[in-house]
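A.B. asks: predicted coordinates and the sequence they were generated for:
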Amino acid sequence: MKKNILKELKYRKLIVQISNKKKIKKYLKKKNISIYCGFDPTYKSLHIGHLIPLLTLKRFVKYNYKVFVLIGKFTSKIGDPSFQKNKRKKNKNLNFSNKIINQIKNILGKKINIIKNSKWYNNMKLSFFLNKIGNNFIVNKILNKEAIKIRNLNNKKGINFKELSYPLLQSYDFLYLYKKKNTIIQIGGSDQWGNITSGINLIKKKLKKRSFGITLPLITKKNGIKHSKSFSNTIWLDKNKTSIYEFYQFWLNIPDNKVIIYLKQLTWINIKRIEYLNKNININKIKKILANKITEIVYNKKYIKDINLAINIFFKKKNINKKKLTKLYKKSIPKINIINKIKKLKKILILLNIVNNKSQVHNLIKSLSIKINFNIIKNTEYKIKSKDKLFNKFTILQKGKKKFFLIKWI
């Protein structure tokens, strides 16, 4: 008999909603069932909002369940309207499947079962879909789902037919995987409840069988908005889009009341150890434990040493020399090459994508938010001097208290 994974998921605050809890417990005792979660490759990288579903899948793997990852290569062309205030922007390049798959394998292991829904949609006839699948859905019921209502209420143009078909497509994914892979449970973020229950209802209608759904909490920004491909300041899992240093710093800077929750949801630290840390260890030390563990899970333990080098230089200003700066520049930190003839700080800040225009630069400098080699810059027309080039090679530029960039002059 399998151990009770629901008990662990509940303790780790990983369950937002669950369908038919009594029945799902019985099914989870069976050895031959499968679980799946879908990811649409609408961008070239996943972000930290995907970590909870990915690591929850890994928990199922550790409990010896068979797990499938569905890559929505076909559905990514449609766009999920759930809780979207506006129509999703059209992606010029939808060939991101392999990049997303590599990120998933990096976290879940190379042997994870991955399947693309283009496998069944590419050769499907429209008449089959409309008659066999579309015939099971009532438009009014779809429009009344909370996730779709948000879109309709906030957008005067409403929702188009293409987007309205998304819940049907995701439902058929569930049905297909149920028949072919015995995936009786679908998991997803809490914003996917409507799509998941639509799949459950479709399976019941078509096969007269039970299936189940579990939704998981979302990782949100400080303003409560979830991390998304559509918004700025998203923390990406691609180290070329968000450096590992920035990824690490994100976890050090989360609100105190989120630390223990994320320690439960995103690490393998056992329950008793988390309870001990919560009662006996300083919150900032727990944040460091959290940052270390998540960085190790997503990337590799070897990067922790590189991050500590950056912290020693940027925050502790400890024994800064040319060798350390050269070594640091080779690591995954925010950095840029700038030719020596560029002198104006305004232009450098724009090159670093810190601001978009010169007026923003003016306001930033006036608010005393910019430092060069730890010295506050007050002059809005400041030009880089030879003394600003450490060892005639590097400049440390700082925005605010915690955002650093290493400039290499060429």
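C.D. replies: Sure, I can see it.

A.B. asks: in the stretch 101-250 of the chain, mark out all the strands, start to finish.
C.D. replies: Using DSSP state E, counting those that start in this stretch, the strands found in the stretch 101-250 of the chain span residues 113-116, 183-189, 212-216.

A.B. asks: and these, which is most packed in?
C.D. replies: Highest mean neighbour count among those (mean count of other Cβ atoms under 10 Å): strand 183-189, with a mean of 25. For glycine as for every other residue, the C-beta is placed from the backbone atoms N, C-alpha and C.

A.B. asks: thinking again about what came up before, nearest to residue 384, of the strands of the stretch 101-250 of the chain?
C.D. replies: Closest to residue 384 of the strands of the stretch 101-250 of the chain, according to Cβ to Cβ: strand 183-189, at 45.2 Å.

A.B. asks: who does that closest one pair up with?
C.D. replies: strand 34-39 (parallel), strand 212-216 (parallel) (DSSP bridges).

A.B. asks: nearest spatial neighbour of residue 199, chain-adjacent residues omitted?
C.D. replies: residue 174 (3.2 Å; Cβ to Cβ, 6 or more residues apart in numbering).

A.B. asks: do you know the pLDDT at the one you found?
C.D. replies: pLDDT recorded at residue 174 is 98.

A.B. asks: ok, back up a step: need the strands paired with strand 183-189 in JSON lines with mean pLDDT and distance to residue 11, can you?
C.D. replies: Output for these, formatted as JSON lines (pLDDT from 0 to 100; distance: least, Cβ to Cβ, whole Å):
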{"stretch": "strand 34-39", "mean pLDDT": "97", "distance to residue 11": "19"}
{"stretch": "strand 212-216", "mean pLDDT": "98", "distance to residue 11": "14"}
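
A.B. asks: elements contacting the helix or strand hosting residue 263?
C.D. replies: Assessed by DSSP states H and E, residue 263 sits inside helix 259-266. Counting contacts by 3 or more Cβ pairs under 8 Å, 6 or more residues apart in numbering; DSSP states H and E, helix 259-266 is packed against helix 51-62, helix 271-280, helix 283-298.

A.B. asks: pipe the strands paired with strand 183-189 into CSV and attach distance to residue 327 per row.
C.D. replies: CSV is the format used below for the strands paired with strand 183-189 (distance: least, Cβ to Cβ, whole Å):
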stretch, distance to residue 327
strand 34-39, 36
strand 212-216, 39
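
A.B. asks: closest one to residue 345 among these?
C.D. replies: strand 34-39 (41.3 Å).

A.B. asks: give me the buried positions along the closest one.
C.D. replies: Under the neighbour-count criterion of 16 or more other Cβ atoms under 10 Å, strand 34-39 has 34, 35, 36, 37, 38, 39 buried.

A.B. asks: residue contacts, the fourth one?
C.D. replies: Each residue near residue 37 by Cβ atoms under 8 Å, 6 or more residues apart in numbering is listed here: 53, 54, 56, 57, 69, 70, 186, 187, 188.

A.B. asks: same check on the second one?
C.D. replies: With contact taken as Cβ under 8 Å, 6+ apart, residue 35 is in contact with 57, 60, 65, 66, 67, 68, 183, 184, 185, 186, 187.

A.B. asks: of these, just say which sits nearest to residue 369.
C.D. replies: Residue 369 lies nearest to residue 57 out of those, by Cβ to Cβ, at 40.8 Å.

A.B. asks: tell me how far the residue lying closest to that closest one once chain neighbours are set aside lies from residue 184.
C.D. replies: Excluding the flanking residues, the one nearest residue 57 by Cβ to Cβ, 6+ apart is residue 67, at 5.1 Å. Separation of residue 67 from residue 184 (Cβ to Cβ, to the nearest Å) stands at 12 Å.

A.B. asks: and for those two, which residues touch both?
C.D. replies: Common neighbours of residue 67 and residue 184 (Cβ under 8 Å, 6+ apart) are 34, 35.

A.B. asks: ok, back up a step: closest to residue 377 out of the strands paired with strand 183-189?
C.D. replies: strand 34-39 (43.1 Å).

A.B. asks: sorry, back to before: let me have the buried residues of strand 34-39 in TSV, adding distance to residue 297 as columns.
C.D. replies: Converted to TSV, those look like this (distance: Cβ to Cβ, whole Å):
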residue	distance to residue 297
34	23
35	19
36	21
37	17
38	21
39	17
